[in-house]
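[1] build me a structure from this.
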Amino acid sequence: MRKAIRLGLGILLSMIVARAAVVKNRMHIETPNYPIAILATAVDSQGFIYITGATAWSGFPTTPGTLSTYSGGGGFSSLSGDVFVQKLQPGTFQVVYSVLVGGSKDDIGTGIVVDAQGNACVTGYTDSNDFPGSARASNRTDRAAFVFEVNAAGTALVFSHLYGGSGDDYSFGIAKGPDGSFTTAGQTDSQDFTTTPNAVQSAWVPLSGPFGPQTDAFVLRIGSNGADIQYATYLGGPGNDNATSVAVDSAGDIYLAGQAGAYFPTLDASYAPYELYGGFVTKISQATGDLIYSTYLPGTNVASALMVDATGNAYLCGTATVGFPATPGAYQSDLAGGSNDEDAFALELDPSGSSLVFATLIGSPKEDYALALTLQGNAVVIAGETTSTFFPTTNQSTASCDLDASPYYSFQNDPEDPFPFLPLGAFLASFDHTGKLLSSAAYSACASEYVTALAPSASGSIYLAAWDDEENDTFLAEVDPAGSLPAQISFIADSASFEGGPLAPLELISIFGKGLGPATPAVAGITEGRLPTSLGGTQVFVHGEALPLLFVSDSQVNAILPQDAFNSYNPYDTALNFNVIAGGNGTQTYSTYSFPGVPRLFTSNGLGFGQIAALNEDGSLNSPQNPAARGSFISLFGTGGGVTMPAFADGQVATAAAPVVQPGYMVVGLDLAPILYVGAAPEEVNGVVQINVTIPMTVSPGPTVPVRWALLFGDDLYIFSQPGISVAVK
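    Just a heads-up that it's a prediction; the model follows:
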């Protein structure tokens, strides 16, 4: 091994250059690995919160009464269980009542409304022949829509009825009319679904194919007792049509939205009656049962959620594609990722259904989907899921995650399964009535979380329900869209390349954000051979452990990850949760992933690309004006090599050479370069890696010869340092 050459802390710090909605309460429903999801929320006139969904947990906590028994599951859904309904105190989320409703198979609650007496009316679908209140034949295997009502005390059912025909019928939403009636909407492939004489469409429009019969949307209005069918109609063409959401205005007129195939029933005077497929919105007269307007939504895949205000304006959100008709002044007019991207959208349609008040996109270069919508004050609020770190946020951002940092996603190289694990993050965004963005926040802890429901609170905040379908748990949060944090993390990267992604033990990292440190930057010194864990009034914590600090400022903190920053039993899937305390203010939690080693190389310009930070054999800095000779050795410097043997303490200056544990190799030009040493850089802080390599005689000389460092994991997974790095060779 050649002698390790000192780089010097001053040079190192010059390379790590500085670059220029608040959750008020949160409630998890914890289960012992049983799926559970909140799928709908509602708020009554006194501010109490009602939630419903489905659970497969036989031990789901219930309050005493006739609705406290779990009935079972094991049918068509991964949720495989009963419908739950909970009433919660505003502010504290304390449970007022918690009940279960279901049969011996699968029952899923998808919508909930509350009447003036505090009774909670729930809709959904079931394949249980013994669902409460039903009278189905024991041999029925199809799914039926249901509506049931829980009394104000949460002790009994007021009514429970099933609806549908001999096929599968799914109800996805419910709305309450001014006369006390309830309207549901969904999809059906039943050719004998009940319709009323004044139906817009009395017959199912079939189109059979290799995947079985297609579906039509349906609308069903029932009396306040749940038994009297006042209005029922199909709505669809020969393709797949599905109503995802329903609303009723003050006149009792019905609005529904969803996804439509070709030849969906539209009206010529509506906004966009002639499309091949996409999202749709339809308004049906309460008085006659006829269409008032019906239109496709151009450039959309689906309208996921719908609301109507007191003036009859309809608000929709969903997923947009090429051709979305953004209005002038909209926050985002084009797809962030180009023509192959999908972004979330929000829009407002005037009462005639013939023109847009506003329409805007919001999204990242990857896929983003709006799944829920509510109105709060003068704001139109949407929420859903994003698959990217770079979803646009304002300074209301709260707990966030580097979604691109999952090792399974970042390092996947199997062409047969290119995306084996793609974590999702929840987002919430609000707009004014011109499409201007008021606030936007991302919420995630490096899990597959997405928003399932929204509801406004009396205090001006938003109740947000989300589900983590990786961990099978669910939560309800109260979010203040207008709030802001005095300090926040926006992104965490390694300090050599400034790239996101997984972080390695002992890696030098840069945390970007605002309010992270003093206005005048502070640079660390070495005291008794160690870096400090507090600098300029700032501390950084990972799972409660304070990190050694190199540099702090208002917008950037440079630190070193502890060497135990991953789970030794599962080092390829450990989430790291960061918090920064600056001047007494704490940031939100920012989560990313760890990996045993993520090689990165420092550059002489401190930007992460270009001329490498390297010393020639004589100790001089390598540069195009001072190239290294072929056959000589050079010392390169990086980070992310992982743990060394022997190990030094976190933040300690390395007192001797210590090789990294992870095997690897170097490539200079097109040739493998013999490694003389790779490990801790003596007299540098623990985490700086020095690599001594011999430049092969076969390398073609030049001022910008490419150089890469790779680490080997297992038999065939190589992780490379960032591209665009070069060394000068003569």
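[2] tell me what Asn579 is bridged to.
    Phe541 (DSSP bridges).
[3] oh, that last question was meant for Ala320, not what I typed.
    Applying DSSP bridges, one finds that Ala320 bridges with Thr300, Asp343.
[4] low pLDDT regions in the stretch 551-700 of the chain?
    566-574 (pLDDT under 70).
[5] which residue ranges of it form strands?
    According to DSSP state E, counting those that start in this stretch, the stretch 551-700 of the chain carries its strands in the segments 556-560, 574-582, 585-586, 590-594, 600-601, 610-611, 614-615, 633-639, 658-659, 664-668, 671-673, 675-680, 689-694.
[6] okay, the angle between the second one and strand 556-560?
    Angular relation of strand 574-582 and strand 556-560 on a 0 to 180 degree scale: 130 degrees, by axes from the mean of the first three to the mean of the last three C-alpha atoms, to 10 degrees.
[7] which elements pack onto strand 574-582?
    strand 488-494, strand 508-514, strand 538-542, strand 590-594 (3 or more C-beta pairs under 8 Å, 6 or more residues apart in numbering; DSSP states H and E). (C-beta placed from N, C-alpha, C; glycine too.)
[8] mind telling me which of these the model trusts least?
    Mean pLDDT across the helices and strands packed on strand 574-582 is lowest at strand 590-594; the value there is a mean of 82.
[9] with just CA atoms, put that one into CSV.
    Taking Å, rounded to 0.1, in the frame of the first residue of the first chain, the C-alpha atoms of strand 590-594 are listed here in CSV:
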residue,chain,number,x,y,z
TYR,A,590,-37.3,14.6,6.1
SER,A,591,-36.9,10.9,5.2
THR,A,592,-34.6,9.2,2.8
TYR,A,593,-32.9,5.8,2.4
SER,A,594,-29.6,4.3,3.3
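[10] picking that back up, among the strands of the stretch 551-700 of the chain, which is nearest Ala442?
    Closest of the strands of the stretch 551-700 of the chain to Ala442 is strand 590-594, at 10.2 Å (criterion: C-beta to C-beta).
[11] pretty sure Val83 sits against Gly102.
    Yes - judged on C-beta atoms under 8 Å, Val83 makes contact with Gly102 at a distance of 5.5 Å.
[12] which one's more surrounded, those two?
    Set Val83 next to Gly102 and count neighbours by other C-beta atoms under 10 Å: Val83 wins out with 32 against 28.
[13] per-residue pLDDT of the more buried one, please?
    96.
[14] same check on Ser410?
    With respect to pLDDT, Ser410 has a value of 50.
[15] also Asn198?
    96.
[16] next: Arg140.
    72.
[17] that one: what secondary structure?
    Using DSSP: H, G, I helix; E, B strand; the rest coil, the structure places Arg140 in coil.
[18] quick one, what contacts it?
    Contact analysis of Arg140 by C-beta atoms under 8 Å, 6 or more residues apart in numbering lists Asn129.
[19] please report the distance of it from Gly165.
    Look at Arg140 and Gly165: by C-beta to C-beta, to the nearest Å, they are 11 Å apart.
[20] mark out where each domain of the chain begins and ends.
    23-163, 313-481, 488-594, 599-729 (automatic domain parsing).
[21] check which helix or strand Phe148 maps to.
    strand 144-150 (DSSP states H and E).
[22] any chance you could list what contacts that strand?
    67, 85, 99, 101, 107, 119-127, 131-134, 136, 156-164, 169-171, 174, 182, 184, 186, 220, 222, 226.
[23] out of those, which are inside strands?
    85, 99, 101, 107, 120-126, 157-163, 169-171, 174, 182, 184, 186, 220, 222 (DSSP state E).
[24] mind giving me the PyMOL select for these, buried ones only?
    Only the buried entries of the ones in strands among the contacts of strand 144-150 go into this PyMOL selection, using 16 or more other C-beta atoms under 10 Å:
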select buried, resi 85+99+101+107+120+121+122+123+124+125+126+157+158+159+160+161+162+163+169+170+171+174+182+184+186+220+222
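[25] is it fair to say Asp498 lies in a strand?
    Slight slip there: residue 498 is Phe, not Asp. No - judged by three-state DSSP, Phe498 forms no part of a strand; its state is coil.
[26] use 612 as the first number for this chain going forward.
    Let's use 612 as the start, then, which means that last one is Phe1109.
[27] let me see the contact set for the closest residue to it other than its chain neighbours.
    Sequence neighbours aside, Gly1219 is the residue nearest to Phe1109 in space, at 4.7 Å (criterion: C-beta to C-beta, 6 or more residues apart in numbering). Gly1219 is in contact with 1107-1110, 1211, 1333, counting by C-beta under 8 Å, 6+ apart.
[28] distance of Gly1219 from Ser1106?
    9 Å.
[29] give me the common contacts of the two.
    Among the neighbours of Gly1219, none is also in contact with Ser1106 (C-beta under 8 Å, 6+ apart).
[30] residues making contact with stretch 1137-1153?
    620, 1122, 1127-1129, 1132-1133, 1135-1136, 1157-1163, 1168, 1170-1173, 1176, 1187-1195, 1260, 1262-1264, 1266, 1296.
[31] just the C-alphas of that stretch, formatted as PDB.
    Extracted C-alpha coordinates of stretch 1137-1153, given in PDB (Å, rounded to 0.1, in the frame of the first residue of the first chain):
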ATOM      1  CA  ILE A1137     -11.600  20.300  15.100                       C
ATOM      2  CA  THR A1138     -11.500  20.100  18.900                       C
ATOM      3  CA  GLU A1139      -9.700  17.300  20.600                       C
ATOM      4  CA  GLY A1140      -9.700  15.400  17.300                       C
ATOM      5  CA  ARG A1141     -13.500  15.600  16.700                       C
ATOM      6  CA  LEU A1142     -16.000  17.700  14.800                       C
ATOM      7  CA  PRO A1143     -18.700  19.300  16.900                       C
ATOM      8  CA  THR A1144     -22.400  18.200  16.900                       C
ATOM      9  CA  SER A1145     -23.600  21.700  17.500                       C
ATOM     10  CA  LEU A1146     -22.500  24.600  15.400                       C
ATOM     11  CA  GLY A1147     -23.900  28.100  15.100                       C
ATOM     12  CA  GLY A1148     -26.900  27.100  17.200                       C
ATOM     13  CA  THR A1149     -27.700  24.200  14.800                       C
ATOM     14  CA  GLN A1150     -28.000  20.500  15.400                       C
ATOM     15  CA  VAL A1151     -28.900  17.700  13.000                       C
ATOM     16  CA  PHE A1152     -30.500  14.500  14.200                       C
ATOM     17  CA  VAL A1153     -31.100  11.100  12.600                       C
END
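[32] give me the number of residues near Gly1335?
    13.
[33] give me the phi and psi angles of it.
    Backbone torsions of Gly1335, given as degrees, to the nearest 10, read phi 80, psi 20.
[34] tell me who's in contact with the residue nearest to it when sequence neighbours are not counted.
    Nearest non-adjacent residue to Gly1335, counting by C-beta to C-beta, 6+ apart: Phe1220, 3.9 Å away. Shown in contact with Phe1220 (C-beta under 8 Å, 6+ apart): 1108, 1214, 1333-1336.
[35] which of these are buried?
    Buried among the contacts of Phe1220 (16+ other C-beta under 10 Å): 1108, 1214, 1333, 1336.
[36] still on that earlier bit, what's the closest of the strands of the stretch 1162-1311 of the chain to Phe1001?
    strand 1201-1205 (13.8 Å).
[37] first to last residue in stretch 1230-1239, what's the distance?
    Criterion C-alpha to C-alpha, to the nearest Å; first-to-last residue distance in stretch 1230-1239 is 11 Å.
[38] got the buried residues for that stretch?
    Counting neighbours by 16+ other C-beta under 10 Å, stretch 1230-1239 gives 1233-1234, 1238-1239 as buried.
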